[in-house]
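K.L.:
only geometry, no sequence info:
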C-alpha cells in the first residue's frame, strides 16, 4: 500500500501561513511515518524543558527514602525475631535445668527406696530362717 502524498498545492497565502502549514504537515508526516519515535521526540522535548528531569529526581529521592525505610523496618523485625529466639533459648535452658534437677532428686529417692527394699528383704529372709 502506498501512502498518499502529503504535498498540497497551497493557494495564495502569505509566507507565514505557508510555513505554518508546511511545519504542521511535517509534524503529521513524522507521526505517521514513525509513531514509535514520536514518543521519543516527546520525551526529548520534556527533557529539554526540564519537566521530566525534575520528576525523575523526585522519584529517585522518593525511591531512596522508601528503600531506607524498608531497610530500617527489616532490621527492626530481624532484631525482634533474634531477641525472641534468644528468649526461647534461655527459657528452654531453664526448663532443662529444672528437669535435670528433678531427675537427680528422683534418682536419689529411687536409690533410697532400693536400699530400704533390700533391708526389708534381708529382714524377712533372716526372720523366715529363724522360724
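P.N.:
Okay, I see it. Small disclaimer: the values here were computed from a predicted structure and weren't measured.

K.L.:
please count neighbours and contacts with C-alpha atoms only from this point.
P.N.:
Fine.

K.L.:
how about low-confidence regions in this structure?
P.N.:
Scanning the chain for pLDDT under 70 picks out 1-14, 17, 31-57, 129-131.

K.L.:
would you state the helices of it in chain order?
P.N.:
Per DSSP state H, the chain carries helices over the ranges 15-33, 35-49, 51-130.

K.L.:
can you lay out the ones you listed as a markdown table showing mean neighbour count?
P.N.:
Formatted as a markdown table, the helices of the chain follow (neighbours: other Cα atoms under 10 Å):
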| stretch | mean neighbour count |
| --- | --- |
| helix 15-33 | 13 |
| helix 35-49 | 12 |
| helix 51-130 | 12 |
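
K.L.:
and residue 91, how far is that from residue 64?
P.N.:
40 Å (Cα to Cα, to the nearest Å).

K.L.:
same deal with residue 118?
P.N.:
80 Å.

K.L.:
and if you look at residue 128?
P.N.:
Separation of residue 128 from residue 64 (Cα to Cα) stands at 94 Å.
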